[in-house]
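**Student:** quick check, what structure comes out for this input:
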Amino acid sequence: QLQLVESGGGLVLPGGSLRLSCAASGSTLENYAIGWFRQAPGKEREGVSCISNSDGSTWCADSVKGRFTVSRDNAKNTVYLQINGLKPEDTAVYYCAASWLYTVLTSEYTYWGQGTQVTVSS
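**Tutor:** A predicted model of the protein is given here:
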């Protein structure tokens with residue numbers, strides 16, 4: 001069974017950058033579309049980016065477009081989320097998830113990691 005582990009979160013100053021990693025075990029990650037989601041305190045989980053399992057197509061939410069970049073390294077069985085120009089409103093727990101479908105619908109994602117905290121504060 002596919003297992004996902006996120007890493008790379010932390011405390012960063014506004015304007016800073018982070019690279020989140022989503023490492024997979026138990027199965028081959030390239031078979032899955034991978035989504036990145038975040039959940040801030042008191043808010044619903046929202047999708048921020050995803051990458052397909054076929055042609056490498058990517059999608060980013062309007063709120064992060066131009067600042068977030070998703071990529072995958074199938075040889076390392078890992079997907080990355082590069083986050084630049086961090087803002088305080090980006091503070092959240094970030095999750096990666098795997099789906100058989102390339103979609104932004106949270107309900108279509110079957111496998112989830114435990115999350116990594118990103119805090120943007122001066």
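
**Student:** list the beta-bridge partners for residue 95.
**Tutor:** In this entry, residue 95 is beta-bridged to residue 37, by DSSP bridges.

**Student:** tally of neighbours for it?
**Tutor:** Applying the criterion other C-beta atoms under 10 Å, we find 24 residues in the vicinity of residue 95. In this view, the C-beta of every residue, glycine as well, is placed from N, C-alpha and C.

**Student:** check the gap between it and residue 40 for me.
**Tutor:** 12 Å (C-beta to C-beta, to the nearest Å).

**Student:** for this protein, name the helix or strand with the lowest mean pLDDT.
**Tutor:** Lowest on mean pLDDT, DSSP states H and E among the helices and strands of the chain sits strand 58-60, with a mean of 89.

**Student:** who are the contact partners of the residue nearest the centre of the chain?
**Tutor:** By C-alpha atoms, centre = their mean, the chain has its centre lying nearest to residue 36, at 2.6 Å. Contacts were defined as C-beta atoms under 8 Å, 6 or more residues apart in numbering; by that measure residue 36 touches 20, 22, 47-50, 68, 70, 81, 94-97.

**Student:** what's the answer for residue 119, then?
**Tutor:** Counting by C-beta under 8 Å, 6+ apart, residue 119 has contacts 9, 10, 11, 12, 91.

**Student:** mark which of these are buried, thanks.
**Tutor:** 9, 12, 91 (16 or more other C-beta atoms under 10 Å).

**Student:** dump those into JSON lines; add distance to residue 64 as well.
**Tutor:** JSON lines is the format used below for those (distance: C-beta to C-beta, whole Å):
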{"residue": "9", "distance to residue 64": "15"}
{"residue": "12", "distance to residue 64": "15"}
{"residue": "91", "distance to residue 64": "13"}
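
**Student:** just the ones of these in helices?
**Tutor:** Among those, no member falls in helices (DSSP state H).

**Student:** if anything else comes up later, I'll come back, but that's it for now.
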